[in-house]
Structure formats: C-alpha cells, structure tokens
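Pasted the sequence and its predicted model underneath.
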Protein chains: 2
Amino acid sequence: MSRFVNAAIGQLGPIARHETRPQVVQRLSALMHQAHQMGCDLIVYPELALTTFFPRWYIEDPAELDAFYEREMPGPETQALFDLSRQLGIGFYIGYGELAFEEGRTRRYNTSIIVDKRGAIVGKYRKVHLPGHAEHEPWRAFQHLEKRYFEAGKDFPVFHAFGGVFGMAICNDRRWTETYREMGVQGVEMILIGYNTPVHNPPAPEHDDLSLFHNQLVMQAGAYQNGTWVVGVAKAGIEEGVDQIGGSCIVAPSGEIVASCTTKGDELALARCDLDLCNSFKETTFNFDLHRQPEAYSRLVARKGPGLMADGTPVPSPSARTKDPS
Amino acid sequence: MSRFVNAAIGQLGPIARHETRPQVVQRLSALMHQAHQMGCDLIVYPELALTTFFPRWYIEDPAELDAFYEREMPGPETQALFDLSRQLGIGFYIGYGELAFEEGRTRRYNTSIIVDKRGAIVGKYRKVHLPGHAEHEPWRAFQHLEKRYFEAGKDFPVFHAFGGVFGMAICNDRRWTETYREMGVQGVEMILIGYNTPVHNPPAPEHDDLSLFHNQLVMQAGAYQNGTWVVGVAKAGIEEGVDQIGGSCIVAPSGEIVASCTTKGDELALARCDLDLCNSFKETTFNFDLHRQPEAYSRLVARKGPGLMADGTPVPSPSARTKDPS
C-alpha cells in the first residue's frame, strides 16, 4: 500500500518593497506551472509570500502597515492563483499577513492556508511562535517586530487533504519541538512550513554561521521524531538589504533530506512522497500510544518552571534581557 | 564569564554474560584513570554499564533475572569505583539495573546516577521511556524486554553539580523531545545519556542503516533546542551476538558535535565544555519565558489524542500491532 503525494518546493527569491501583489502572483504562478509540468499535486510557498518581510521595519503609520495584510483570501489580487490552482488541478500552501475582524476589533495574524486541487481552502493556521520583539530597538541592524505586528495563534490543527493528514507551521514554529508533536499526536503525515530567516540574528550574531545547519536540524528531527514528512520553504536572498537563508528542503519521515534547493532565488525542487512511509515510524519507535509517558510531561504545559529543582534550590532563569530568535 | 566542565565519554565495548562486576569495574576504572590523566572533571559511562544488556533475553527464573540488578549503590562490588572517584577527584555518571523495595514490594528500574568529585551520589534518575515489549516474542532475532523487566520512572529531575545544572536520560529517552524539554525548562546545562542500541531493530529492519544518523540527530536537536550540552555514551560492539551501535559523542548547545568515539570498544573521548555557552541560546532563540506558548500545547499531556481533527473527522490511530523502538 502506498499513497504518493508529489510535493513541490516553491522557493522565492527576495520580494522588493515596491513589488505589487499582481507581480508576486505572477512569480507564484510561474512556479505553479513548473510544478504542474512535473506532475506535482501540491506546491508549497514561503511565509508572508505576497509581500516583502515587513516586520524588519518599525512602521508607525497604521495605513502603511495595513497595506501589508490581506483583508480576504482569496482577494481581488490573489484570485488568479486560486483560479490557476483549480485550472491545473494542483493544490498549494501559502503564507500571508491576515487582517481579521473578530470579537469587535481588528486582529492581525501571520497566517498560512492549504488549498486543495479544486482551488478551495481546506485549512488555515495562525502562527503560534512569534519571534522577535514588540518595541522599536534602533540598535539592531534591522527590526524583527513580529510580536508587535501579529497576535499569536492558539492551536496546531491538522486537516484531511491530498489523501493524507496535513498540518502547517510558519518559520520560527519549526524550531519548537511542541509544534511537530502537537500535530504528531493527531497523526500528521506531512507538515508544510514557510519561512523568512535572516542570516544575521542581531542579538546572537555568534549563531549566524550555523543558520542553515539549524534550519535543517530542526526539520529533520521534527520529521523523524513524529514519523512525518516535512516540507520547508524559504523566501531567500537579499531582500531590502537583509540577507535571508535559503535551504528549502523536503524531509522524509526517516529524517533524511530527499529534495533541496541550491539557489537563493525563485526555484522549484520536488519529491515523490509516500505518505505510507510514515507508518514505519508511527507503528514502531514512535508508537505514541505505547511509548509516550504524558504523566511525566507536566512541566511542558506549566506557564513557568516549577520553581524548585530536585535538590530544592530555585531554578535558574534566563536573564530578562530582550533578545530574540531569528 | 566561563564555567568549564571537562567531560569525558567512557564508551564501553561489549560486556559478555560471564563477566563479573569486579571485572567490569576494572574496565571502568581504567577509563577513569585515562580521563583523570587528561584533566577531566567527569566521565560518563553507558546505560546498564555493569552487566551485559540482559533485556535481550526472556528470563523465566527470578533468581537468574535478579542477578542483573544492584540492591545497593555503591555495593560491595561497586564501592571501588566510588573510592577511585574520590581519590582522583573525578565525578561520573553510570547506568545500572536497580532493585528497590518500595511501598511494600520489590521494584525494578533502569537507573542512572551522578556522582560528584568526592565520590558522593548527587542525583538519581529512573528511565521514563522504556522501549520494547513485555511478553516473549520468539519471532525476534533477540528480545527487547525492557517493558517486562523495569517499571517506568515518573520524572526528569535536574541537579546542581560540577558548577552547573545537570540532568540525565537513558537510551530510548533520547529519541523523545519531551525528555530534553522537561529538563530544559528547569535550566539544564548538561544532559548525560547512556545507551545500548542494537543496530538491528526487529520490528523495523528498514531503519537499521540509519541507526547512527538517528542517534546523532536526536541528541543534536535536543541540545540546540534547549541550549544545553549533551553527552551520549554507548555500550557498543557485538555483545552476546547482538551488534550495538557506537557513535558516542558530545554535543554543544549549538547542536555541533565537538567530540566523538570512532571504535566500538572501550574508548575515551573528551571535550572542554563551557557551560556558559548555553546562555547564548537560552537568552535568545530559546528564551522559553518569552517565546514558548504552553497554552497551545495541551495535546502534549493528554493521555490520548483529542479524538477529532480540525475538520471534525476522527484522528487516525496507528495500528495496534506490537512493534517496538530500538
């Protein structure tokens, strides 16, 4: 028994600030055509794939900020991508800034969706792990104001799509084991992840040389430890003066990388992914019902540490310095 | 500011069934002498380091089984190792089968301890994630009866030792992200892990070629994602006919491997480990107080999955086949 999903990475090079939605949709459409020509069922685009990565700027004018978000999906400028999806019979994942009116006020999320082969949205996810900071910090070479511009999502839903169980994550989410595990216990078979990751992390420049290594490490471990496929897709290259890593790849449930990009521009890479390979891990080493020990995991959901270590002394806490992840 | 711990891997080759505790203690002592000569503060030995890996056999005679456990630690046959520790001024981690009398009955655990430079036990850990199976399964090339021979531990304590915060895990624990995170939220700076891992996993022989890769992957990810040192130590080589992986290594908080063994016999490897390197990760990308979202992690502690996926359909569950991890 095998259930194949032919998955494409739709890596993007930089999107300049002046590029319009229709221009970007044209680039996305070109990649979708390529993926279709190569027999793909699905193409995965990056986080915030319709605009430049605007959290790098401290933006005071609300109208200027709002221009980076989508009020509806599809909207007038993105409908063409959904139409092409339906026409070609190919699904996609895409990330975008979401402006929602909920419970009486405007809310902003860093959002992604899964669209099926009929051009219909079958799942939506709002980024849970927002990196960066909430206040303007002029000492940085560039800002990372996700904690200012977005509210955090509260859940990791999974969805039936493409004949399997699909989940989503966005950028910084991929560094957190909880992201994969939340979907893992729901039987996820393929996790789609878009990201924008600067090479340079202003609070920890000593990690810069390891950016690509860390990118691969967390996705490989997340795949293996949950017996799931992972598709990670970058917006790469020098965007508005900030160098972003590429390293887009597809990881098998074994943790092996089976496809990857090599440029930092618009690039397609793909793999023929057998969702049933997940079973080999989910039924053996990572049979959660047999082997997980949730009663030993209570600290994972405590808002803060338990206060005292085994010998009765206080748990050391990291300094309160505001430093952020990339 | 730097806090260095010079840590040694005390990898063991096979221990035959007929080898006695004093013979094994002699091998452990030889490695401890080497570590001391190289200026080490601490040497890490494998899981169940005093005997052969007995869960590979279905043992019906209680007396025969009990002979593989320690009734006290130190005991008459292990006291020499503690004496040498105090004499040389070098601490150690060691794993052993523990026979305890608690709450009115005999209990068996797969246990490890940390001993300080004065030869005193400063911490004890009982393996939480017991792999394998509880009943005799003659179809296997060899058994893995940890679920029969041990009760599961219930906690991941950390301890002040060697000027830092230390934790322990044992073998299969290292494949589970919860192991590292439970200690990570307690500020752990170095996790010591002994293991016995057969190359061949009878229920999933298709993973055999990846045994060493998976061993490194989980420890590298666990280190990076919690900003902690990890020292992983094998009992390696062909023991009573079963080939066990080596791959002992020391992983920095960056996820980089900084020391490793290359044989499958008794072997020393070491690294000068700066515990303060942890801060660079604990205060930035993995500042848990700033960036973790425990309210989104409720499924991690649910005994079973939530039952329904986002679209209201039942969560697929892995088949009930009894298959086990290595």
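That came through fine.

A:I121 against A:T111, yeah?
No - if you go by CB atoms under 8 Å, A:I121 and A:T111 don't touch, sitting 10.9 Å apart. Just so you know, the C-beta spots here come from the backbone N, C-alpha and C atoms, and that holds for glycine as well.

Where does pLDDT dip in chain A?
Applying pLDDT under 70 to chain A picks out residues A:1, A:304-326.

quick one, helices of it?
A:21-37, A:62-66, A:79-88, A:146-149, A:177-184, A:211-226, A:277-282, A:288-291 (DSSP state H).

Now render these as CSV, adding mean neighbour count and distance to chain B.
CSV is the format used below for those (neighbours: other CB atoms under 10 Å in any protein chain shown; distance: least, CB to the nearest CB, whole Å):
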stretch, mean neighbour count, distance to chain B
helix A:21-37, 17, 25
helix A:62-66, 12, 23
helix A:79-88, 17, 19
helix A:146-149, 21, 9
helix A:177-184, 27, 4
helix A:211-226, 24, 3
helix A:277-282, 22, 4
helix A:288-291, 18, 6
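
right, and those - which one's nearest A:L270?
Of all the helices of chain A, it is helix A:21-37 that lies closest to A:L270, at 6.9 Å by CB to CB.

middle-most residue in chain A, spatially?
Against the mean C-alpha coordinate of chain A, by CA atoms, centre = their mean, the closest residue is A:I170 at 2.2 Å.

ok so, going back, which of A:I121 and A:T111 has more neighbours?
A:T111 (25 against 12; other CB atoms under 10 Å in any protein chain shown).

For that one, list the residues it contacts.
Contacts for A:T111 (CB atoms under 8 Å, 6 or more residues apart in numbering or on different chains) come out as A:95-98, A:124-127, A:170.

Can you report how many residues neighbour the closest residue in space to it that isn't next to it in sequence?
Nearest non-adjacent residue to A:T111, counting by CB to CB, 6 or more residues apart in numbering or on different chains: A:E98, 3.9 Å away. Neighbour count for A:E98, taken as other CB under 10 Å: 22.

So A:E98 versus chain B, what's the distance?
17 Å (CB to the nearest CB, to the nearest Å).

try A:L270
23 Å.

next one: A:R107
With distances taken as CB to the nearest CB, A:R107 is found 16 Å from chain B.

Is that residue in contact with A:A152, as I believe?
No - taking CB under 8 Å as the definition, A:R107 is not a contact partner of A:A152, at 10.8 Å.

Show me which of those two is the more surrounded one.
Per other CB under 10 Å, whichever of A:R107 and A:A152 has more neighbours is A:A152, with 17 against 13.

What distance do you get for that one to B:Q34?
51 Å (CB to CB, to the nearest Å).

Run through who's touching stretch A:131-142.
So stretch A:131-142 is contacted by A:55-58, A:143-148, A:171-172, A:198, A:200, A:202, A:241-242, A:322, A:324-326, B:285, B:291 (CB under 8 Å, 6+ apart).

Write the ChimeraX selection for whichever of these are buried.
Remark: buried members of these, expressed as a ChimeraX selection using 16 or more other CB atoms under 10 Å in any protein chain shown:
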select /A:55,56,57,58,143,144,145,146,147,148,171,172,198,200,202,242,322,324,325,326 /B:285,291
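
How about the contacts made by the residue of the stretch 1-150 of chain A found nearest chain B?
Proximity of the stretch 1-150 of chain A to chain B (CB to the nearest CB) peaks at A:V128, 4.9 Å away. By CB under 8 Å, 6+ apart, the contact set of A:V128 is A:152-156, A:173, A:179, B:293, B:296.

Backbone torsions only: list them for it.
A:V128 adopts backbone torsions of phi -90, psi -50, taken as degrees, to the nearest 10.

Any idea what A:H160 is bridged to?
Beta bridges link A:H160 to A:V165 when assigned by DSSP bridges.

Tell me, how many residues neighbour it?
17.

try A:A8
28.

if I pick the nearest residue to it once chain neighbours are set aside, what's in contact with it?
Distance criterion CB to CB, 6+ apart; nearest residue to A:A8, sequence neighbours excluded, is A:A35 at 3.8 Å. Residues in contact with A:A35 (CB under 8 Å, 6+ apart) are A:8, A:10, A:42-43, A:90, A:268, A:270.

quick one: A:A35 from A:R3, how far?
According to CB to CB, A:A35 and A:R3 sit 19 Å apart.

try A:T285
21 Å.

now the helices of chain A in CSV, with distance to A:G247?
Formatted as CSV, those follow (distance: least, CB to CB, whole Å):
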stretch, distance to A:G247
helix A:21-37, 17
helix A:62-66, 29
helix A:79-88, 24
helix A:146-149, 20
helix A:177-184, 18
helix A:211-226, 5
helix A:277-282, 22
helix A:288-291, 29
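
which one of those helices lies closest to B:T262?
Nearest of the helices of chain A (CB to CB): helix A:211-226, 22.0 Å.

who does the closest one touch, helix- and strand-wise?
The helices and strands touching helix A:211-226, judged by 3 or more CB pairs under 8 Å, 6 or more residues apart in numbering or on different chains; DSSP states H and E, are helix A:177-184, strand A:190-195, strand A:229-234, strand A:249-251, helix B:211-224.

a markdown table for those, including distance to A:E47?
Formatted as a markdown table, the helices and strands packed on helix A:211-226 follow (distance: least, CB to CB, whole Å):
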| stretch | distance to A:E47 |
| --- | --- |
| helix A:177-184 | 14 |
| strand A:190-195 | 4 |
| strand A:229-234 | 8 |
| strand A:249-251 | 15 |
| helix B:211-224 | 21 |
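
hang on, isn't the residue nearest to the centre of chain A packed against A:I113?
No - counting by CB under 8 Å, A:I170 does not reach A:I113; the two are 11.1 Å apart.

Spatially nearest residue to A:E295, not counting backbone neighbours?
B:K154 (6.7 Å).

That should have said A:P202, apologies.
Per CB to CB, 6+ apart, closest to A:P202 is A:R140, 4.2 Å.

ditto for A:D274
Closest to A:D274 by CB to CB, 6+ apart is A:S2, at 4.9 Å.

you'd agree that neighbour is up against A:C273?
No - in this structure A:S2 lies outside contact range of A:C273 using CB under 8 Å: 10.2 Å.

Out of these two, name the residue with the larger neighbour count.
A direct count of neighbours by other CB under 10 Å for A:S2 and A:C273 places A:C273 higher, at 27 against 8.

can you give me the end-to-end distance of stretch A:186-195?
End-to-end distance of stretch A:186-195: 23 Å, with CA to CA, to the nearest Å as the criterion.

before we move on, what about stretch A:124-139?
Stretch A:124-139: ends 36 Å apart by CA to CA.

Stretch A:139-159 too?
By CA to CA, the extent of stretch A:139-159 from end to end equals 42 Å.

For that stretch, what is the distance to the chain centroid?
11 Å (CA atoms, centre = their mean, to the nearest Å).

what's around A:V165, how many residues?
A:V165 has 23 nearby residues by other CB under 10 Å.

can I assume it is in contact with A:V185?
No - between A:V165 and A:V185 there is no contact under CB under 8 Å: 11.5 Å.

Grab the nearest non-local neighbour of A:R107.
Using CB to CB, 6+ apart, the nearest residue to A:R107 is A:A100, at 4.8 Å.
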